[in-house]
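# Need a 3D model of the following:
(2 chains)
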Amino acid sequence: GAGVSQTPSNKVTEKGKYVELRCDPISGHTALYWYRQSLGQGPEFLIYFQGTGAADDSGLPNDRFFAVRPEGSVSTLKIQRTERGDSAVYLCASSLIGTSGPSTDTQYFGPGTRLTVL
Amino acid sequence: AQKITQTQPGMFVQEKEAVTLDCTYDTSDQSYGLFWYKQPSSGEMIFLIYQGSYDEQNATEGRYSLNFQKARKSANLVISASQLGDSAMYFCAMRVPYNQGGKLIFGQGTELSVKP
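Next up is the predicted model:
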């Protein structure tokens, strides 16, 4: 079946602008995660949705970042007043359900959105 | 606090040989999951192998095996019979308990280069 998809694949914007990044998880996956990966680093957690609600948003760096998942499927990460330091690859991952076990525990990643803030 | 450490920034291996990528983790939790992901230059994060904290047997997936030593808190990835297509970044990750959100914590990664 289809994997996790993310759009756009690349986004170039100017400092101070607003951007939206979209994630379409694997069908039936109730858990959805956003991560941010800076150059040469491992991904860092931003926010986790279980269904429609944000179960953990402790990784969002500040109040310029916000994410929604209104119908429990597609999620949008929104960044206001972008700064050059926001430049990174934004990764989305989904998993079947939040319980232990190889089939349910594994988070599958999308191809990412490369955000460049000029 | 939970932490993943990968001490090898870069590794070289000859084609068809085996290679071990090191990963140690730090946690006081009893329930967690350990993962290895491969990230080629294209940027996608590809799941390779999973080990649950309560699993007594080491996980294997084709040419990949995970050497899980719980007492030492290590979860090394072994790739047998390396292929040129194995050249990529490899990330070790730990899934925190679900009552803490179930997020993945990643190490810094190891860049593997396979020589012909």
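# What ranges in chain A fall below the confidence cut-off?
The model of chain A has pLDDT under 70 over residues A:1, A:98-104.
# what's the spacing between the residue nearest the centre of it and chain B?
Against the mean C-alpha coordinate of chain A, by C-alpha atoms, centre = their mean, the closest residue is A:Trp34 at 2.8 Å. Separation of A:Trp34 from chain B (C-beta to the nearest C-beta, to the nearest Å): 10 Å. For the C-beta atoms, the positions are set from N, CA and C on the backbone; glycine is no exception.
# does that residue have beta-bridge partners, and which?
A:Trp34 has these beta-bridge partners by DSSP bridges: A:Ile47, A:Cys92.
# Skipping its backbone neighbours, what lies nearest B:Lys115 in space?
Spatial nearest neighbour of B:Lys115, chain neighbours left out: B:Gln14 (5.4 Å); criterion: C-beta to C-beta, 6 or more residues apart in numbering or on different chains.
# quick one: the one you found from A:Arg64, how far?
To A:Arg64, B:Gln14 is 48 Å away according to C-beta to C-beta, to the nearest Å.
# So for those two, which residue has more residues nearby?
Set side by side, B:Gln14 and A:Arg64 show more neighbours around A:Arg64, with 14 against 11, by other C-beta atoms under 10 Å in any protein chain shown.
# was I right about the more buried one contacting A:Gln80?
Yes: counting by C-beta atoms under 8 Å, A:Arg64 touches A:Gln80, with 4.7 Å between them.
# returning to what we had before: what's near enough to touch the residue nearest to the centre of chain A?
Residues in contact with A:Trp34 (C-beta atoms under 8 Å, 6 or more residues apart in numbering or on different chains) are A:Cys23, A:Phe45, A:Leu46, A:Ile47, A:Tyr48, A:Ala67, A:Ser75, A:Leu77, A:Tyr90, A:Leu91, A:Cys92.
# Apart from its neighbours in sequence, what residue is nearest A:Gly42?
Leaving aside its chain neighbours, A:Gly42 sits nearest to B:Phe106 (3.2 Å; criterion: C-beta to C-beta, 6+ apart).
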